[in-house]
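Peer 1: Sharing a sequence plus its predicted fold:
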Amino acid sequence: MTYAIETKELSFAFAYGRKVVNELSLRVPEGSIYGFLGPNGAGKTTTIRLLTGMLRSDRDNIFLQGQSLQRGMPGIFQSLGALIETPSLYGHLTGKENLKVITTLRGLHSRHIDKYLSIVGLTDAAHKKAKDYSLGMKQRLGIAMALLPDPTLLILDEPANGLDPNGIIEIRELLRSLNREHGKTVFVSSHLLAEIEKTCTHIGIINRGVLRYDGTLEEMKRSAHASGEVIFTVPGATGWMPQVQALFTTARQQSAEEIIFPFADAAQVTHINQQLVQHGVPVTGIQVHGGLEEWFMHIVNQDRKAIA
Amino acid sequence: MNYLSLHNKAFKAEWLKLRHSGMVWLLLGATAFIPVINLTVGLLRDTGEGGEGTNIWNLIIQNNFMSFTGFFFPMFLLLMVARLVYLEHRSDTWKLLETQPVPRFVIYFAKWEVAVLISLLSLLGLLLFALLDGAVLMMFRKDYALNQYSPDMTLALQAVGRYWVASLGIISLQYFLGLMIRTFAWPLGIGLIALIAGGIFAGFGVAPWFPYAAPAYTSASYEGSMTGKLLLHHEQMSLLWAVLFLWMGYQFFVRKSFTHAFVLPLRHGITTAVVLGLFVALAWGVNRPEVLDRYGRTVLAGQIRGTQKVGSIALLSAPANDTLLVLPVRNGKFHAVIPQPLDAGVYTVRAGKFTMPVYMSTSDSTYLDWELKDKMSDVKATGTRVAENAYLKERRPYRSWALTENAYQYPPKVYASRMISEWEKESGKIRKFKTVDNIRPADDFLEVQQKLLAVQFLDLADNYYPQVHAVYFPNETLAWPASLDNLRKEVSLEDSSLITYSNYRAYVTGHFRTKSHKNDSLFFYYLDTEIKNPRVKDFLMYEAMQNNLGRIKDSARRDHLLHTVLPTFSSTRLKDHLSQAALRMSNMQRGRTAYNFTAEALNGRQIQLANLAGRYIVVDVWATWCGPCKKENPVFDELAERYTSERLAFVSVSVDEDANQWRMQAAGRSKKVLQLHATDEEFSRRYALNTIPRFMLIDPRGNIIDADMPHPTEPEFEAMLEKEVGRL
């Protein structure tokens, strides 16, 4: 099977520094929206710079759509659209002219320019100079520039940066439709879990240059929800505790009105609730702690401990 | 991959990026500023430039180019390159460019090409504005006579091309700096400092290899190569710099760090070393002054251009101006192989009334491009002695104010040490002389020039300073320190290689005059016995004799001297010359029949001297171009008005080449003076007209009374007339 992006033990270190990327083996399936997740400084951008050939790997270990990057440059960029870090714009040119630079450089017809301007919602600002754009507009123009050559693989570094909630939703929708309707593979990096969770089909988590997790969204959710704690709000919890502990030995009291139950399986939460209600415990609220967020933090912290 | 089509796309994209970048305004501002200033000055004031036959168009273009390229052009280059590169640094659009399906070298070169093209556009723009200047001046300043000429576009476009090449080194270096230093100001600041340094270097004439000095050097040699080369050596250097920094810039562009680009891994370091080594070798080759080889035969050739036409040119040799060769001029060209051996030295070439010194020796090929105008001529001598002739034409003779005007301040010891240090300094300058084509004179010539320099100092020490010393240090005897002996060792009293230079002859003659206490016989005795080299002896004897023969009016004394000195000559030619000169002198003695010359009167009639017999005749020999003659003219005319009578006639004979000039000016002179124009080829020779004005008095029978009268501005003139003619 060919992957849209595949790296084989990709490592990179700046001169005399520690490895920023450490034996990273990425596999981004064709047709996926791959969320590349990691805290700030995890090595996301360095990885993307390596994937786009802006940093050179010493070894021939990066493959885009089955083709070696090292040997395929620059022709390989024919089917690649990229947005790396801050959007690369010519501030003194208008939005439209910025796109025109791309069509000219690639020898494309300029008739699609207006279409992409409307896709990213910049039709009204087409003749405004890019330096006068807001951060969000700049971001959207950058995306339009990546989309313009109609690439089959999109590599987007933090595309939601600086966008307002509406803009974030629009971008999300855009990525989804590009993926579903046009079959494009999207590789998108972010440090926001929620963002990734809402858009992606596949997820990879990187920290300190090491790939910590790699899988589909479903797999991740399954393992993320595999364990956790649920907090039941029970008025007069202290009085109910002996009865509750008879039912669930692991239960412990958190405060005057809260009792915590660890669980290993999402189905257990339902079970606990049924049992408590049957036994007349006055449950007034249920709060599940855990899920992706906690799981993500867990991975990151575990890693930190491991290194310390 | 089709690189050409990729390149075209990248180039177009680069061009597109120039929109709203202010480049057009920068270009217009930089190129229009100087022409506007020059136009204003040209309209308001008389620039007083040019002279006879100067093409003002070319002058306007050249002035504009020189002012522009002095500062504005290189400054414009710095700004332009900084702008082009910083365009990408600003929001790191390199990222965008590098993820396009376009090879990096295409991106890299497309940008460089845009810079190079804009540089060309600025030069063409300046040329356009300069032509506009000319057009406007033609409309409003009729006195510049611009309509009589048209601009020499070949010269102008050649200048554009050479300035353009001179800009390539700066552009590439700034491009490299711009890529390395990701700010706008720093590369600009570094460039500016280098530019100022370059201006200073060019001002002192050092470091033609310095890339920032290249445009200034091109200005300094605006007319370009003398030997028909496309590029001068500093322009070739600019190309070399361009290649080096294009390469370096590309390495950095691709590898993104100085260390990775040029040092590590080891093979990059080795490549850098090899490239730098190659560059140094090539640069050394380009900058090394060249000495031309001799040619198989001795050839003199050339062309005659301009308003004056001549049928032949003559090659003359010092000291008697012997005609060695006469070359016919056909269709404005001449060519001859000179069969006889030529001693290395300065010869005279004559075309019509113009002469020019040419340095030649056996096995030299010399080409003269000679433009003859009415009152002036301009010669470019090329060939195997191009550097020697350029040296003679361009280098101003050395003159030290401190050693002449301030000599009285220095006691001998100080004076000597100043002389030595000046001598060493000037010697260095002589050795450094190069033509615009980086050709230096041959060693034998340089040696001669250094000796001539030593002669100048020795002349100061032996002939000038002793007089000063006698006045300002009257109680001391002049004693030179031993350090002066070094200078004396340089110059022998009989150096054949120096003998064609009058400075040297004057020095040696001065030496023997002092030694003989200005006694003529003793002087010639010393010359004869102490100088062994026959050529040197002949030269000195001949020159001294020439001067003496003119001075001695008594024919017996003259003949005596002639008979003593003539046998000591080796050259029969010079002997003959002297005998003939002496003969002419005696033919002009009182009582001899005056040569009956023919001349044209203002009415066109041919008149002979004999036709005027029966009256005393005062003859004034003059020419319209002769300044001293014109000072005498009004006095002569006034005397003619007063004294013309049955017994005395006043005649002016012009020796002008151009009869029209004579007609115009002669018509305005006194009607009492008979105005004649000499048409007789023998006139000058028979009357030994070495100098004019000359005044002669002839008696009514046509015999000479005095062939070299006092001048009318002197009271003796009138006194002599009164004495010879009687009551006036």
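Peer 2: Perfect, I can see it now. Since this is a predicted model, take the numbers as computed values, not measurements. Residues are numbered from 1 along each chain as shown, chains lettered A, B, ... in the order given.

Peer 1: Look at the closest residue to chain B within the stretch 201-308 of chain A and say how many residues are nearby.
Peer 2: Evaluated by Cβ to the nearest Cβ, the stretch 201-308 of chain A has A:Gly209 as its residue closest to chain B, separated by 20.0 Å. To be clear about C-beta, it is placed using only N, CA and C from the backbone, and glycine gets the same treatment. Number of residues near A:Gly209 (other Cβ atoms under 10 Å in any protein chain shown) recorded here: 23.

Peer 1: I figured it hits A:Thr45, correct?
Peer 2: No: counting by Cβ atoms under 8 Å, A:Gly209 does not reach A:Thr45; the two are 11.7 Å apart.

Peer 1: Tell me if I am right that B:Pro74 is in a strand.
Peer 2: No: B:Pro74 is assigned helix when assessed by DSSP: H, G, I helix; E, B strand; the rest coil, not a strand.

Peer 1: Residue of chain B closest to chain A, please.
Peer 2: Counting by Cβ to the nearest Cβ, chain B gets nearest chain A through B:Leu96, at 3.8 Å.

Peer 1: any idea which element B:Asn503 lies in?
Peer 2: helix B:502-515 (DSSP states H and E).

Peer 1: circling back: who's in contact with the residue of the stretch 201-308 of chain A closest to chain B?
Peer 2: A:Gly209 makes contact with A:Lys19, A:Val20, A:Val21, A:Asn22, A:Leu24, A:Ala42, A:Gly43, A:Thr46, according to Cβ atoms under 8 Å, 6 or more residues apart in numbering or on different chains.

Peer 1: What confidence value was assigned to it?
Peer 2: Per-residue pLDDT puts A:Gly209 at 87.

Peer 1: Give the phi and psi angles for it, as a check.
Peer 2: phi 80, psi 0 (degrees, to the nearest 10).

Peer 1: Same check on B:Val206?
Peer 2: Phi and psi for B:Val206, reported as degrees, to the nearest 10, are phi -100, psi 170.

Peer 1: relative to its centroid, which residue of the chain is most remote?
Peer 2: Went with chain A since none was named. Centroid-distance maximum for chain A: A:Gly239 at 45.4 Å, with Cα atoms, centre = their mean.

Peer 1: please go with chain B instead
Peer 2: B:Thr99 (59.5 Å).

Peer 1: related to what we said a few turns ago, what comes up buried for the helix or strand encompassing the residue farthest from the centre of chain A?
Peer 2: Per DSSP H and E: A:Gly239 is located in helix A:237-247. Using 16 or more other Cβ atoms under 10 Å in any protein chain shown as the test for burial, helix A:237-247 gives A:Ala237, A:Trp240, A:Val244.

Peer 1: From start to finish, how long is stretch A:244-261 in a straight line?
Peer 2: Stretch A:244-261 has an end-to-end distance of 10 Å (Cα to Cα, to the nearest Å).

Peer 1: I'd like the next helix or strand past whichever strand or helix holds B:Arg267.
Peer 2: Taking DSSP H and E as the definition, B:Arg267 sits inside helix B:266-287. Next helix or strand after helix B:266-287 toward the C-terminus (DSSP H and E): strand B:299-306.

Peer 1: what's that following strand packed up against?
Peer 2: Here strand B:299-306 touches strand B:312-317, strand B:333-337, strand B:365-372, going by 3 or more Cβ pairs under 8 Å, 6 or more residues apart in numbering or on different chains; DSSP states H and E.
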